[in-house]
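Asks: Show me the folded form of this:
(one chain, ligands or ions: 1)
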Amino acid sequence: MERWRTIIEPFRIKSVEPIRMTTVAERDDHLREAGFNLFNLHAADVLIDLLTDSGTGAMSAEQWAGIQRGDESYAGSPSWFRFLDAVTELFAFRHVIPTHQGRAAEKILFSVIGGPDKVIPSNTHFDTTRANIEFTGAEAVDLVIAEGRSPSVIHPFKGNMDTDALDTLIVERGAERVPVVFVTVTNNSGGGQPVSMANLRAVREVCDRYGLPLFLDACRFAENAWFIKQREDGYAERSVPDIVREMAGLADGMTMSGKKDALANIGGWLALNDDRWAEACRNMLILTEGFPTYGGLAGRDLEAMAAGLREVVQDDYLRYRVRSTAYLGEALVEAGVPVVQPIGGHAVYLDAAALLPHVPPLEYPGQALACALYREGGIRGCEIGTVMFGQHPDGTESPAPMELVRLAIPRRVYTQSHVDYVIEVIRWVAERAEQLRGMRIVEQPSALRHFTARFEPLAAAG
Ligand code: F0G
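Replies: Reported below is the predicted structural model:
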């Protein structure tokens, strides 16, 4: 295995989707029409789409076979039981509640256990998790370790939670106000950084001290388990499914988006041990998603996730997945392009603040960089900075802690030559970074502006 340097894609391609080539002039027009917001583009006008790794993966022949096998019985479908087996093989929680995607699981859980006066800590809440918590009137608190907030600091488990801060929060607010502690694996908002088993164990100990349940936001659980296998003492010889079972064994429940590490295009679930919470959640599920054996899904979607869960924990897949993401990141580091380090599992995060020091945060360096990558090379990434986080409910604006552009890698979709192209484009743009100008917002909604705001490039100074 280790004899050859090149790690090949561990699959052949049977069905292809053409990419339509475009010119800079065409993309200039598309950018203007989109108000310089890449969410407004037609996806057909994008060459390499790195907007998200969520639901954008390619399914395997086994998964497509499962789609055919899908049984659409309203209740008790064999597809449901195949899905349930695949989930509980890895996550042995007593109750599994299927949902149409991750945020539906969050919505159901927090409408049952959230509410005003409640506080829900996490290493870092993903934005839909935070929004679903806050929607109930509860407070969402991020307690990632200090290393996790600095793009250039190297640490093997930058997604770890600060357990002292967790303990302090619980003491200060009172354990009765904390219905659950969350840990997001891997930590998406913090750069796709993993959480160590030791840290999960330490969080578990704090939870036990106060009698609190621990839940995983397990979207990228397989990538997290792979990092544990590679980086944590005592795990090199353990199988990935075994590591996943140990992670799950430390928790009392999970929310999951099947659009990530279940290798499906749609789907998710909520799983938990508490019978009373499960009953209340199932009642909510019936109101909002569907009967408890299909949730918001078709039987065929459950089949796709069942097959995906078996594929995502395979060493060949994970070696390729994590290595190919690092391949992109390391080439950029070598070229002197500032990125969040070490490279995470599902994405490379460009540090736009470091690359465009001449563009102040309120002129949105991340947005300027993301637009430049689209203009020059047809690459679509996603600003994660002041556009996304700088707007406050009272109408004011302040700089976000980091100005990043996320290049999220869809699973099993792009080949190494696509990635080599991305590297070439980014290097070209980075070499001319001082020519890039900031942007101003010409139109925005009162919340979640990154999806719909419209921008205008600022004129070159002097
Ligand atoms: N939790 C994490 C850590 C996520 O990354 C996401 C989605 C969700 C929950 C919600 O899941 O989309 O199925 O409702 N992240 C996507 C992204 C959207 O682009 O990072 P969902």
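Asks: C-alpha only now, for contacts and for neighbours.
Replies: OK.
Asks: thought Glu383 was touching Met402?
Replies: No - using C-alpha atoms under 8 Å as the test, Glu383 is too far from Met402 to be in contact (10.4 Å).
Asks: who has more neighbours, the two?
Replies: Glu383 (29 against 20; other C-alpha atoms under 10 Å).
Asks: and the residue lying closest to that one once chain neighbours are set aside, which of the three is it?
Replies: Nearest residue to Glu383, sequence neighbours excluded (C-alpha to C-alpha, 6 or more residues apart in numbering): Val405, at 4.5 Å. Counting by DSSP: H, G, I helix; E, B strand; the rest coil, the backbone at Val405 sits in strand.
Asks: All the strands of this protein, residue numbers only.
Replies: In the chain, the strands defined using DSSP state E lie at 48-49, 95-99, 119-122, 139-142, 181-184, 214-217, 253-257, 268-272, 347-351, 379-380, 382-384, 404-408, 439-443, 454-457.
Asks: list the helices and strands the fourth one packs on?
Replies: It refers to strand 139-142. On a contact count with 3 or more C-alpha pairs under 8 Å, 6 or more residues apart in numbering; DSSP states H and E, strand 139-142 meets strand 119-122, helix 127-135.
Asks: Redo these as a markdown table? Include mean neighbour count and mean pLDDT.
Replies: Below are those laid out as a markdown table (neighbours: other C-alpha atoms under 10 Å; pLDDT from 0 to 100):
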| stretch | mean neighbour count | mean pLDDT |
| --- | --- | --- |
| strand 119-122 | 25 | 98 |
| helix 127-135 | 19 | 92 |
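Asks: Tabulate those (JSON lines), appending distance to the ligand.
Replies: Listed next are these as JSON lines, based on distance: least, C-alpha to the nearest ligand atom, whole Å:
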{"stretch": "strand 119-122", "distance to the ligand": "11"}
{"stretch": "helix 127-135", "distance to the ligand": "6"}
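Asks: Make JSON lines out of those and add distance to Ala460.
Replies: Below are the helices and strands packed on strand 139-142 laid out as JSON lines (distance: least, C-alpha to C-alpha, whole Å):
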{"stretch": "strand 119-122", "distance to Ala460": "42"}
{"stretch": "helix 127-135", "distance to Ala460": "34"}
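Asks: so Ala372 touches Val429, yeah?
Replies: Yes - here Ala372 reaches Val429: they are 7.1 Å apart, a contact under C-alpha under 8 Å.
Asks: OK, contacts around Gly258?
Replies: Neighbouring residues of Gly258 by C-alpha atoms under 8 Å, 6 or more residues apart in numbering: 55, 101-102, 219, 264-269, 305.
Asks: Could you do Glu147 as well?
Replies: 153-155, 158.
Asks: If we check the ligand, which of the contacts of Gly258 are in contact?
Replies: Residues of the contacts of Gly258 in contact with the ligand (C-alpha under 6 Å from any ligand atom): 101-102, 219.
Asks: Filter the residues you listed down to the ones in helices?
Replies: Those of these mapping onto helices are Gly102, per DSSP state H.
Asks: The residue of the stretch 301-450 of the chain found nearest the ligand: neighbouring residues, count only.
Replies: Closest residue of the stretch 301-450 of the chain to the ligand, C-alpha to the nearest ligand atom: Ala408 (7.6 Å). Ala408 has 22 neighbours, counted by other C-alpha under 10 Å.
Asks: For it, name its beta-bridge partners.
Replies: Ala347 (DSSP bridges).
Asks: Hmm, it is touching Thr56, no?
Replies: No - in this structure, Ala408 is not within contact of Thr56 by C-alpha under 8 Å, at 10.1 Å.
Asks: hang on, the earlier thing: mind checking which of Ala372 and Val429 has more residues around it?
Replies: More crowded of Ala372 and Val429, by other C-alpha under 10 Å: Ala372, with 24 against 20.
Asks: Can you list the buried residues in stretch 183-203?
Replies: Buried residues in stretch 183-203, counted by 16 or more other C-alpha atoms under 10 Å: 183-197, 199-200, 202-203.
Asks: re the thing from before, could you point out which of the helices and strands packed on strand 139-142 sits nearest Ile228?
Replies: strand 119-122 (19.4 Å; C-alpha to C-alpha).
Asks: Spell out which strands sit alongside the closest one in the sheet and which way each one runs.
Replies: Paired strands of strand 119-122, defined by DSSP bridges, are strand 139-142 (parallel).
Asks: Using CSV, write out the CA atom coordinates for the partner strand.
Replies: What follows is strand 139-142 as a C-alpha-only set of coordinates in CSV (Å, rounded to 0.1, in the frame of the first residue of the first chain):
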residue,chain,number,x,y,z
GLU,A,139,-28.5,30.3,24.0
ALA,A,140,-25.9,28.5,21.9
VAL,A,141,-22.4,28.8,23.2
ASP,A,142,-19.1,27.8,21.4
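Asks: quick one: the residue of the stretch 301-450 of the chain closest to the ligand from Gly345, how far?
Replies: 9 Å (C-alpha to C-alpha, to the nearest Å).
Asks: Please apply the same query to Glu134.
Replies: 28 Å.
Asks: What of Leu356?
Replies: Leu356 sits 25 Å away from Gly345, going by C-alpha to C-alpha.
Asks: What of Asp274?
Replies: Asp274 is 31 Å from Gly345, by C-alpha to C-alpha.
Asks: If you count surrounding residues, which of these two has more?
Replies: Shown here are Asp274 and Gly345; by other C-alpha under 10 Å, Gly345 has more neighbours (28 against 14).
Asks: ok, that one - contacts?
Replies: 186, 192-194, 223-224, 321-322, 325-326.
Asks: Which residues of the stretch 101-250 of the chain lie near the ligand?
Replies: Residues of the stretch 101-250 of the chain lying near the ligand by C-alpha under 6 Å from any ligand atom: 101-103, 126, 128, 184, 188, 217, 219.
Asks: Neighbours of Thr325, how many?
Replies: 20.
Asks: Which pLDDT value goes with it?
Replies: Predicted confidence (pLDDT) for Thr325: 96.
Asks: do Ala461 as well
Replies: On pLDDT, Ala461 comes in at 58.
Asks: One more: Ile228?
Replies: 98.
Asks: can you offset everything so residue one is 6?
Replies: Let's use 6 as the start, then, which means that last one is Ile233.
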